[in-house]
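Enquirer: Quick one: sequence and predicted model below, then my questions.
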Amino acid sequence: MNVEIISVGTELLLGEIVNTNAVELMQMCKELGFNVYHQVTVGDNPERLKQALQEAFARQADLVITTGGLGPTNDDLTKQICSQYLGCPLFFREDEAKKIHAKLSFLMQGGPIARSNYQQAYFPREAIILENDVGTANGCLIKKGKRMIANLPGPPREMRYVMNHSLRPLLESYCMTRLYTKEYVVLTTGESQLQDELADLLASQQEVTLALYAQEGYVRLRLATRARFWQEANTSFAPMEQALMAILGDRLSPLSALEDVDLAAVPEFRLQCEPNIDFLDDWCQDTRIAAKLVSSAPNHLHLFLQPDMMGEYFCMEAQFGINTYQEKLPCLKQARYNTMRIQRCLTQFLIRIAKEMKGS
C-alpha cells in the first residue's frame, strides 16, 4: 500500500511546534510494510489542502493520512475538505454529538458547552469512526472507490492514541508483508571511504537494500527487506551480513556498540586538558568514564588542540603504565564545536586501549 501523509496547521509552517505526528505515522507505516514516498505540510487553507490531496492521489496513493484541522473552530476544515474531495457529504450524527456532550460535560463540570463543539459531530455516512478517548475530536476513515483518507486529530497525544487504538487495527488487514530492518555501525571509517569499499554491494543490492547514514562520530548501516515475519527477514539478511563482515571485519559493530562499552580493562586515570575544554563535562559524567577518573592516579589521559592551516587537530595521548597510546582527530572547524563527535571518539580511544590491554 502506498501512503502519503498531510500535516495540516499553519503553526507547523511557522516553526512554532515540531511535527512529531508525521514521524510517528511514518514509523507505523514502516512497521506495517506500507510505502511512504511523500509527506507534506500545509497551512489552515482549504485550497492548498485540496491541492495536496489531488497531488497525493495523482501519485497513486492508496491512502492519505491527515493530521490536524478536526477541532471546533472556523479554520478546522480538514474533514470538510476531504469529504468534498471524495464526494461524500457530511451529516450530523446524533451518536457522535452525545459522545461530545458526555466528554465536555465531564471536563466542564456542569459549565456551559459552546455550540461550536458540535461541529465535530459531522461525518460522511460512509465514514468509519476512529475513536478518540483522550480528546473530543474523533477521527474518521473515509473510503470511496480505491481511495482512502484517514483524518486524525492534531494534538500529539490524541493523534498517537487514535493512530494506535483506532486506525492501526483497521490497517492491519492491508498488511501482507512488513518492512524489517537491521542496523550496524562503523565507528572508525568515514562515509565516503565506506561508499568506496562497499561500492559493489551497493550496486548489486536487490531483495535486501543497504543504506549508509553519516552521524556524528560514526556511520550507520541499515539493511532492509520485506518479509512476512522476522525469521524470514533474518534469513534474507544473512548473505549481506556475511559480505559486510568479509569487507569490514571487526570495524562492523552492532548498533548496541554505541551504548555497550566495556572499559573494564582501562585503569584509573587523571584527565588533563589544554586549554580547559568545558564540553567534556557531559563525557565525564558518563558513569563508565566517571568510575575511571581519579585526580591522583599515576596514569593520565592528555587532551590538547593543535592548530593547522585547515582547522584544528584534537589530540589524544594516554600514558598507562609503560605504554603510550596516541590518536588525533582532524576538525575542519574549531574542534570545540564538534562536541558529540569528539566525545564519541574519546570513548572509542579508551575502548581501543582496553582491547589492547586485554590482548597483552
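Expert: Perfect, thanks for sending it. The structure presented is a predicted model; accordingly, all values stated were derived computationally and were not measured. Numbers count the residues shown, from 1 in each chain.

Enquirer: Excluding chain neighbours, what is closest to A97?
Expert: Counting by C-beta to C-beta, 6 or more residues apart in numbering, the nearest residue to A97 once its immediate chain neighbours are dropped is A121, at 4.0 Å. Yep, even glycine has a C-beta here, placed from its N, CA and C like the rest.

Enquirer: The one you found - how many residues pack around it?
Expert: Burial of A121 is recorded as 21 neighbouring residues (other C-beta atoms under 10 Å).

Enquirer: Tell me the bridge partners for the closest residue to Q60 other than its chain neighbours.
Expert: Setting aside the residues directly before and after it, Q60 is nearest to N2 in space (C-beta to C-beta, 6+ apart), at 6.0 Å. Under DSSP bridges, the beta-bridge partners of N2 are N35.

Enquirer: Could I get the contacting residues of N2?
Expert: Contacts for N2 were tallied using C-beta atoms under 8 Å, 6 or more residues apart in numbering; they are F34, N35, Y37, R59, Q60, A61, D62, L63.

Enquirer: if you set the cut-off to 7 Å instead, what comes out?
Expert: Contact partners of N2, counting by C-beta atoms under 7 Å, 6 or more residues apart in numbering, are N35, Y37, Q60, A61, D62.

Enquirer: For it, give me the pLDDT.
Expert: According to the predicted model, the pLDDT of N2 comes to 95.

Enquirer: swap in L223?
Expert: Spelled out, the predicted local distance difference test score at L223 is 95.

Enquirer: how near is it to A297?
Expert: Between L223 and A297 the distance is 42 Å, computed by C-beta to C-beta, to the nearest Å.

Enquirer: Just the helices from the protein, written as ranges.
Expert: Assigned by DSSP state H, the helices in the chain fall at 10-13, 20-32, 46-58, 78-86, 94-108, 156-162, 168-171, 191-197, 199-204, 230-248, 281-285, 287-290, 339-359.

Enquirer: For the contacts of N2, work out which two are farthest apart.
Expert: Every pair in the contacts of N2 was compared (C-beta to C-beta); the two farthest apart turn out to be Y37 and D62, at 11.4 Å.

Enquirer: pLDDT weak spots in the chain?
Expert: With pLDDT under 70 as the threshold, the chain has low-confidence stretches at 216-217, 257-262, 275-279, 310, 332-341, 358-360.

Enquirer: Using PDB, list the CA coordinates for stretch 195-208.
Expert: Output in PDB follows, covering the C-alpha atoms of stretch 195-208 (Å, rounded to 0.1, in the frame of the first residue of the first chain):
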ATOM      1  CA  GLN A 195      31.000   4.200   0.000                       C
ATOM      2  CA  ASP A 196      34.100   3.200  -1.900                       C
ATOM      3  CA  GLU A 197      34.700   0.000   0.000                       C
ATOM      4  CA  LEU A 198      31.100  -1.100  -0.300                       C
ATOM      5  CA  ALA A 199      30.500   0.100  -3.900                       C
ATOM      6  CA  ASP A 200      29.900  -3.400  -5.300                       C
ATOM      7  CA  LEU A 201      27.400  -4.300  -2.600                       C
ATOM      8  CA  LEU A 202      25.600  -1.000  -3.100                       C
ATOM      9  CA  ALA A 203      25.400  -1.500  -6.800                       C
ATOM     10  CA  SER A 204      24.100  -5.100  -6.700                       C
ATOM     11  CA  GLN A 205      21.500  -4.800  -3.900                       C
ATOM     12  CA  GLN A 206      18.200  -6.400  -4.700                       C
ATOM     13  CA  GLU A 207      16.000  -8.200  -2.200                       C
ATOM     14  CA  VAL A 208      18.000  -6.700   0.700                       C
END
